[in-house]
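[1] any chance you could fold what I've pasted below:
(chains A, B, C and D)
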Protein chains: 2
Amino acid sequence: MPPKTAPNPASTATPPATGTVRLVKKRRPQQRQLILDEAARLFKERGFGSSSMRDLGARVGLDAASMYNHIKSKDEILEIICFQVSDTYIAQLTEVEQMEATYLEKITELLRRHVRLMTKDGAAVSVANNEWKALTEPRLTEFKQARKRYEKGFAALIEQGIAAGELQAVNVSVALFTLLSAVRWVELWYRPGRNLSAADLEADLLTMLLDGLKKPTA
Amino acid sequence: MPPKTAPNPASTATPPATGTVRLVKKRRPQQRQLILDEAARLFKERGFGSSSMRDLGARVGLDAASMYNHIKSKDEILEIICFQVSDTYIAQLTEVEQMEATYLEKITELLRRHVRLMTKDGAAVSVANNEWKALTEPRLTEFKQARKRYEKGFAALIEQGIAAGELQAVNVSVALFTLLSAVRWVELWYRPGRNLSAADLEADLLTMLLDGLKKPTA
DNA sequence: AATAAACACAAACAAATGTTTGTTTAGGCT
DNA sequence: AGCCTAAACAAACATTTGTTTGTGTTTATT
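    Residues are numbered from 1 along each chain as shown, chains lettered A, B, ... in the order given. Below you'll find the model as predicted:
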C-alpha cells in the first residue's frame, strides 16, 4: 500500500509535464544540475556549514536521501561548484594571456570577463570565493594552487604593464588585490533587472579602477 | 577524587602567573575577551556554521561547557563581534562627516580609518563582513540597518564630491561599492610583519583608487 | 507485457551539535 | 580559619547533522 503522500513521479519541482511531453532526453539529467544550482544559492545565502542537506532537499523538492542518487556527498557538491568556477577563471586567464594586445588592454579584458562571469553565475562565484575554505584536503590544496596560478598570471600582466610604461608604478600586489577585490562587490550587489545595466556597470567599474576617482587636475 | 587530568586552575592558556603575581584586578576578567578574540579568529578561518563550541573551547583552553560561565550562547558571540565592528564603523563615519575638509579629503580619511581598523582588528572585521548572515533575527535586521546607514553616509560624500566638481561623474553606487570592496582585500591579505608596511599599503591603495591605475597620458 | 535501470521515499544510523545540570575547585574576603 | 562566589569540569540532554539501507515506484527499452 502506498504511503499517504503519493511518491513523487518526477519531482514536484519539475514542470508537471506528465510523461507524454517528455523530449528525447535521457531520464532526468537535469536533476543533478538542479541540485548543484540550488546548492550554490543556498550556500551563498547561509554558508556551507550552516546549510543542511535537508534544507537543500526542501528547495530542490526532493527528500535529502533522494539526492544521493545524483551526488556522492555534501562535500562533493562544494567541490564541483568551486572547481567549475576556478576552471573557468583559469581558462579565461590563459585565453587573455595569448591575445595580441597591450597589457592595459589585456588587463581590461580579463576584468571584463571576470565581471561577466559574476553577473552570469553569481551564486557559484560567490561560493567559490567565500566557502572554499570548507573543501576537504586533497581538493583544498588543489584549489589554493589554482587560485595562486590565477593571481600570478594576473600579477605578471600588471608587472609587464608597468615595465612597458603603460601603468603607474604602484606596488604590484596592492594593484592586483585591489583590482580583484574591487570586482567582488558585483557578486554581492548585482541583480539582473536593476536600473544599472550590466554593460554600464562594466564601463563605470573599469573607469574607476583604471582612471581613478579623482578628477584630473586640468 | 580528582579526575586524571587536573582541573584547570586559571586556564592553561593564561600565563602561569601562579597566584602571587596577580594584580589588583577583579578575578579573571580577561577570559571573556579571550573567548571573543579566539572566536573571531576561528569564525574567520572556518566560518560560523562550521565552527563548534568544542573547537572554540579547545583553542581557549577551556571545556565547551565552561565558556557558558562567560557568554550566553554561540549566537551571542557572533552578535558581540559583529556589532562591536559595525559600531566602530558608524562612529568613524560620524566623526568624518563633521570634519572641516573637502569631500575628497573626507573620503580619503574615511578609507584610511577603514583600512586601519582592518589592520588592527582583522579577524573581527572579517567575521562582521562575511558571517553576519548567521545573525538571528532581531539583530540581523539591526545589523543590516547599520550597514545601510554607513553606505548611505559614504554615498552622500561621493555624491557631494561629484556635485562640487572634485570627483569624476561616475555612478555613485558603483563608486561606493568599488571603494568599499577594494579595501576588503586587506582583511584577507594583510599580516603584520610583511614586507609591505601598513603605511605604504595605505598610500598605494589610495593612489590606486583615487588616481587610478592607468598612467595619465602626458 | 515484461524487464532492468533509475530514482524517490521512509526509517534508521552514528556522530556531532549547542546547551543544561550538578558538582567540585580556586581564590579573595572578613 | 572559614566562608562565598566565580569558574572549571563531567555527564548528560535533546536535536540536528550527513549518510546508508531497504523497498517500492516510475520509466525506457525490449
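
[2] list the buried residues of the top helix by length along chain A.
    Using DSSP state H to define each element, chain A has its longest helix at helix A:137-163. Within helix A:137-163, the residues that qualify as buried are A:139, A:143, A:146, A:147, A:150, A:153, A:154, A:157, A:158, A:161, A:162, counting by 16 or more other C-beta atoms under 10 Å in any protein chain shown. To be clear about C-beta, it is placed using only N, CA and C from the backbone, and glycine gets the same treatment.

[3] for stretch A:123-134, same thing?
    By neighbour count, with 16+ other C-beta under 10 Å as the criterion, the buried positions of stretch A:123-134 are A:123, A:124, A:125, A:126, A:127, A:128, A:129, A:130, A:131, A:132, A:134.

[4] mind checking how far residue A:200 is from DNA strand D?
    39 Å (C-beta to the nearest atom of the strand, to the nearest Å).

[5] before we move on, which element is that residue in?
    helix A:198-206 (DSSP states H and E).

[6] run a quick neighbour tally on residue A:101.
    Burial measure for residue A:101: 11 neighbouring residues, criterion other C-beta atoms under 10 Å in any protein chain shown.

[7] checking my notes, it in a strand, right?
    No: membership of residue A:101 in a strand is not supported by DSSP: H, G, I helix; E, B strand; the rest coil, which gives coil.

[8] in stretch A:107-115, what's buried?
    Burial within stretch A:107-115, assessed by neighbour count using 16+ other C-beta under 10 Å, is assigned to A:107, A:108, A:109, A:110, A:111, A:112, A:113, A:114, A:115.

[9] okay, that stretch in PDB with CA atoms only?
    The C-alpha trace of stretch A:107-115 is given here as PDB (Å, rounded to 0.1, in the frame of the first residue of the first chain):
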ATOM      1  CA  ILE A 107      44.000  43.600 -18.000                       C
ATOM      2  CA  THR A 108      40.800  45.300 -19.100                       C
ATOM      3  CA  GLU A 109      39.700  42.300 -21.000                       C
ATOM      4  CA  LEU A 110      40.400  40.000 -18.000                       C
ATOM      5  CA  LEU A 111      38.500  42.200 -15.700                       C
ATOM      6  CA  ARG A 112      35.600  42.400 -18.100                       C
ATOM      7  CA  ARG A 113      35.300  38.600 -18.300                       C
ATOM      8  CA  HIS A 114      35.700  38.400 -14.600                       C
ATOM      9  CA  VAL A 115      32.700  40.700 -14.100                       C
END
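
[10] if I look at the spatially most central residue of chain A, how far off is DNA strand C?
    Geometric centre of chain A, nearest residue: residue A:125, 1.9 Å, by C-alpha atoms, centre = their mean. Distance of residue A:125 to DNA strand C, given as C-beta to the nearest atom of the strand: 27 Å.
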